[in-house]
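Trainee: Just need the structure, nothing else, for what follows:
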Amino acid sequence: MKPIVDHIQITVKDIAQAEQFYDRLMPILGFDLSKKVSATILEHDLYVVEYLHENMDFGICSPRTVFMNNTVHRRKPGAFHHLAFRANSRKEVDELYQKIKAIGANIVYPPQIFLEHGPNYYATFFKDLDGIKFEIVCNIPLINDFTKN
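Mentor: Purely as a prediction, here's the structure:
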């Protein structure tokens with residue numbers, strides 16, 4: 001088996017509000033909104049919206065009714081910590097950062113080198129409306145980054 005992620009689903013606090021945010025974010029990350037699907041699964045007390053892509057599907061889920069007043073925190077046991085998307089160049093990280101900033105994402109760190117992850121780890125970090133953390137990263141030596149940015 002190859003360790004390839006097929007899909008990821010995260011639970012958000014307010015699915016309607018989150019869907020509006022992700023409808024703006026996912027095209028920036030390469031997802032085509034015409035391939036978005038949704039479903040209600042009553043026996044699981046679940047509404048899910050999935051953004052489909054040939055490389056990976058990404059979904060947002062409603063919380064169970066009994067949990068809808070809980071707070072989201074990425075450091076709770078069993079919680080989703082963050083998701084990193086790989087960029088092809090530092091220039092692409094910079095371009096995506098500008099687009100993500102423009103849709104109102106909470107920017108945690110603008111694009112920069114994060115030496116704690118290595119000398120070539122160039123990334124930006126941001127959060128969605130629930131505080132779920134995402135990252136755009138390019139971790140290749142600048143000499144191999146043909147955009148020279």
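Trainee: Compute the distance between the most centrally placed residue in the chain and Leu142, please.
Mentor: Taking C-alpha atoms, centre = their mean, the centroid of the chain lies closest to Phe134, which sits 4.6 Å from it. Per C-beta to C-beta, to the nearest Å, Phe134 is found 24 Å from Leu142. For every residue, glycine as well, the C-beta is placed using N, CA and C.
Trainee: low-confidence ranges in this protein?
Mentor: 144-149 (pLDDT under 70).
Trainee: ok, which stretches of it are strands?
Mentor: 7-11, 36-41, 46-51, 57-61, 82-86, 106-113, 122-127, 133-138 (DSSP state E).
Trainee: what angle do the first one and strand 46-51 make?
Mentor: Meaning strand 7-11. Interaxial angle, strand 7-11 versus strand 46-51 (axes from the mean of the first three to the mean of the last three C-alpha atoms, to 10 degrees): 130 degrees.
Trainee: List the residues that contact Val72.
Mentor: Applying C-beta atoms under 8 Å, 6 or more residues apart in numbering to Val72 gives the contacts Val12, Lys13, Ala79, Asp130, Gly131, Ile132.
Trainee: For stretch 95-107, what is the distance to the chain centroid?
Mentor: With C-alpha atoms, centre = their mean, to the nearest Å as the basis, stretch 95-107 stands 12 Å off its chain's centre.
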